[in-house]
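Asks: Below is the sequence, then the predicted model.
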Amino acid sequence: MDKFLEVYISRWREPVFGYFVLPIMIFLIVAPIWSSIKISQSSWEHLGVAFLFSLGVIYFTFKANRLPSCKPGKLNFVVAISGKNEGNLIEDFFEEIKAQMKSSAVVKDVNFVLLNPYLSKKVIEMNPVVAREKLAAHYYIYGKLVNRKKAGNDVVVISLDGAVFHGRSLNSEDAQLFANEFRTVLPEKQQISINDSLSDLEFSAGNVVHGSKYILACASAMAGDYEFSYTLLCELKDTIRKSTSKQEIGLEYIRRVVNARIDEVLLAYSRALHGIWRETKDKETLTRAIEVLEDRKKHIGRYDYSYRIQKAIYLFSNERKIQNALREIDQARALNISCSLWRFSRAFLLAYSGRHEEALNEYLNLSKSDYEPITLFEVQEFIEWVIQEEPDKKYFYYYLGLINQLLVGDNELAAQDYIKAIEHGLPDPLIKNWKKNGLNQEAIAV
């Protein structure tokens with residue numbers, strides 16, 4: 001009986017014990033009592049209590065074995081570790097991870113969940129991606145705890161792996177690269193000495209926390225949450241700067257790549273903001289895009305081509321500072337003369353400021369160079385927006401006609417644009433170009 005109770009107490013959460021063993025045990029205890037006495041009201045009451053108690057055991061066993069429901073609106077961080085849990089080592093390890101994660105100024109609204117040993121064993125046997133989905137976890141760490149002897153000392157080795165939600169479907173190559181990085185920053189084996197468990201717990205938990213923050217930052221960027229990703233990477237960078245440890249393998253890797261990741265995240269963030277601005281033309285969004293690129297400069301140490309182009313767009317769109325925008329374009333040209341985007345931008349700014357002959361030369365030069373179709377589409381979209389914003393700039397229809405004729409090769413659209421331009425009146429340089437250029441005469445004749 002003592003042996004049975006010992007096994008039951010250690011394994012009561014398992015369905016076989018909760019659903020079958022205890023109710024059977026209750027029946028075996030109660031049945032002799034009923035058989036030895038006359039059935040009475042009191043006996044029925046005993047029977048009812050035993051029945052309700054059995055139902056209670058079954059219910060609580062069901063609850064204990066049900067996968068936890070993670071909270072919406074929070075970052076759900078789930079840990080599942082199976083193995084012989086002497087001295088509540090798993091709980092202590094989890095609490096140390098939880099404490100270090102909560103000390104972060106960035107990682108807020110986190111729902112930490114530690115699965116019980118039986119559930120841990122159950123989900124570890126699943127495909128990790130399937131397990132993460134079933135748990136509704138944003139971040140899922142799983143592994144096994146094994147007791148070992150090392151140099152005569154008792155040690156515990158925790159083997160870990162994990163899965164993370166990133167909201168994107170990756171191709172096989174990118175998925176493998178991300179998996180390899182996951183494996184690098186989350187060391188596979190954490191070793192904890194029984195004789196010095198407190199310091200080892202702190203160190204091992206630190207490894208897990210640093211790796212988890214890095215993976216969460218990368219996953220957040222993939223999901224489009226660039227602000228969270230950037231602030232988390234900056235916190236990690238600051239942690240690395242203050243750290244004197246040379247033993248944390250994951251931290252050493254993060255130290256090598258963190259600046260590159262910050263650069264990638266901020267560049268992607270600025271492009272995403274630019275995409276939003278294209279849809280909304282919201283000035284604050286464009287201002288935020290410039291702020292992001294200013295932050296990027298702090299990490300890479302220079303203003304690059306993307307910054308110069310974006311700053312020129314900002315100076316024109318938000319402030320109408322044409323000369324300042326032209327200076328940014330000249331800087332962009334010096335950084336990447338082969339790219340057509342600076343030339344499109346320069347042609348537009350020259351046309352806007354009334355320097356039509358120079359603008360026409362730029363468009364003619366563009367017709368002889370390579371350019372991306374998406375760039376051409378954005379240029380046309382931008383010019384159409386300016387015409388809507390400033391009705392006195394309808395001469396830009398002439399430039400749309402040139403673009404459609406010389407770059408797109410659509411004479412029908414070009415003819416429509418030329419007609420609109422002529423109806424609203426053209427500056428003298430454009431009238432001169434119109435009379436001189438036989439190509440656009442052909443277009444309008446379509």
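Replies: Perfect, I can see it now.
Asks: for the most centrally placed residue in the chain, phi and psi?
Replies: Nearest residue to the geometric centre of the chain (CA atoms, centre = their mean): S220, 1.6 Å. The phi/psi pair for S220 (degrees, to the nearest 10) reads phi -60, psi -40.
Asks: tell me what the helix or strand that contains V123 is packed against?
Replies: Using DSSP states H and E, V123 falls within helix 117-124. Other elements packing on helix 117-124 under the criterion 3 or more CB pairs under 8 Å, 6 or more residues apart in numbering; DSSP states H and E are helix 41-65, strand 75-83, helix 128-135, strand 139-150. Bear in mind the C-beta positions are built from the backbone N, C-alpha and C, glycine included.
Asks: Quick one: mean pLDDT over that helix.
Replies: Mean per-residue pLDDT for helix 117-124: 79.
Asks: so how far is it off the chain centroid?
Replies: 28 Å (CA atoms, centre = their mean, to the nearest Å).
Asks: mind exporting it as PDB, just the C-alpha atoms?
Replies: Provided in PDB are the C-alpha atoms of helix 117-124 (Å, rounded to 0.1, in the frame of the first residue of the first chain):
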ATOM      1  CA  PRO A 117       6.500  16.700 -15.900                       C
ATOM      2  CA  TYR A 118       3.800  14.500 -17.500                       C
ATOM      3  CA  LEU A 119       2.600  17.200 -19.900                       C
ATOM      4  CA  SER A 120       6.200  18.000 -20.700                       C
ATOM      5  CA  LYS A 121       6.900  14.400 -21.600                       C
ATOM      6  CA  LYS A 122       3.800  14.400 -23.700                       C
ATOM      7  CA  VAL A 123       4.500  17.600 -25.800                       C
ATOM      8  CA  ILE A 124       8.200  16.800 -26.200                       C
END
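Asks: Could you tell me the angle between that helix and helix 128-135?
Replies: Helix 117-124 and helix 128-135 are oriented at 130 degrees to each other (axes from the mean of the first three to the mean of the last three CA atoms, to 10 degrees).
Asks: Now do helix 117-124 against strand 75-83, angle only.
Replies: For helix 117-124 against strand 75-83, the angle by the same axes, to 10 degrees is 110 degrees.
Asks: Which stretches in the stretch 201-350 of the chain count as helices?
Replies: Assigned by DSSP state H, counting those that start in this stretch, the stretch 201-350 of the chain shows helices spanning 226-242, 249-280, 283-300, 305-319, 322-335, 341-352.
Asks: Of the ones you listed, which stretch is the most buried?
Replies: Neighbour counts (mean count of other CB atoms under 10 Å) averaged over each of these peak at helix 341-352, with a mean of 22.
Asks: Show me what that helix is packed against.
Replies: Packing contacts for helix 341-352, counted by 3+ CB pairs under 8 Å, 6+ apart, involve helix 305-319, helix 322-335, helix 356-366, helix 373-389, helix 396-402.
Asks: now do 7 Å
Replies: helix 305-319, helix 322-335, helix 356-366, helix 373-389 (3 or more CB pairs under 7 Å, 6 or more residues apart in numbering; DSSP states H and E).
Asks: CA atoms of the longest one as CSV?
Replies: Put plainly, it is helix 373-389. Written as CSV, here are the backbone C-alpha positions of helix 373-389 (Å, rounded to 0.1, in the frame of the first residue of the first chain):
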residue,chain,number,x,y,z
PRO,A,373,9.9,48.5,-63.0
ILE,A,374,8.8,49.0,-59.4
THR,A,375,10.9,52.2,-59.3
LEU,A,376,9.1,53.5,-62.4
PHE,A,377,5.7,52.7,-60.9
GLU,A,378,6.6,54.6,-57.7
VAL,A,379,7.8,57.6,-59.7
GLN,A,380,4.6,57.8,-61.6
GLU,A,381,2.6,57.4,-58.4
PHE,A,382,4.5,60.1,-56.7
ILE,A,383,4.1,62.6,-59.6
GLU,A,384,0.3,62.0,-59.7
TRP,A,385,0.2,62.7,-56.0
VAL,A,386,2.0,66.0,-56.4
ILE,A,387,-0.4,67.0,-59.2
GLN,A,388,-3.3,66.3,-56.8
GLU,A,389,-1.7,68.2,-54.0
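Asks: can you tell me the average pLDDT over it?
Replies: 89.
Asks: Make JSON lines out of the helices and strands packed on helix 341-352 and add distance to V185.
Replies: Conversion of the helices and strands packed on helix 341-352 to JSON lines gives the following (distance: least, CB to CB, whole Å):
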{"stretch": "helix 305-319", "distance to V185": "28"}
{"stretch": "helix 322-335", "distance to V185": "33"}
{"stretch": "helix 356-366", "distance to V185": "45"}
{"stretch": "helix 373-389", "distance to V185": "35"}
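Asks: about what we covered before: pipe the helices of the stretch 201-350 of the chain into CSV and attach mean pLDDT per row.
Replies: CSV is the format used below for the helices of the stretch 201-350 of the chain (pLDDT from 0 to 100):
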stretch, mean pLDDT
helix 226-242, 88
helix 249-280, 89
helix 283-300, 90
helix 305-319, 92
helix 322-335, 94
helix 341-352, 94
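Asks: Of all those helices, which one is nearest L114?
Replies: In terms of CB to CB, the element of those nearest to L114 is helix 249-280, at 21.4 Å.
Asks: angle of that closest one against helix 373-389?
Replies: Using the same axes, to 10 degrees: helix 249-280 against helix 373-389 is 50 degrees.
Asks: what's the nearest residue to E357 if we skip its chain neighbours?
Replies: Spatial nearest neighbour of E357, excluding adjacent residues (CB to CB, 6 or more residues apart in numbering): P429 at 5.4 Å.
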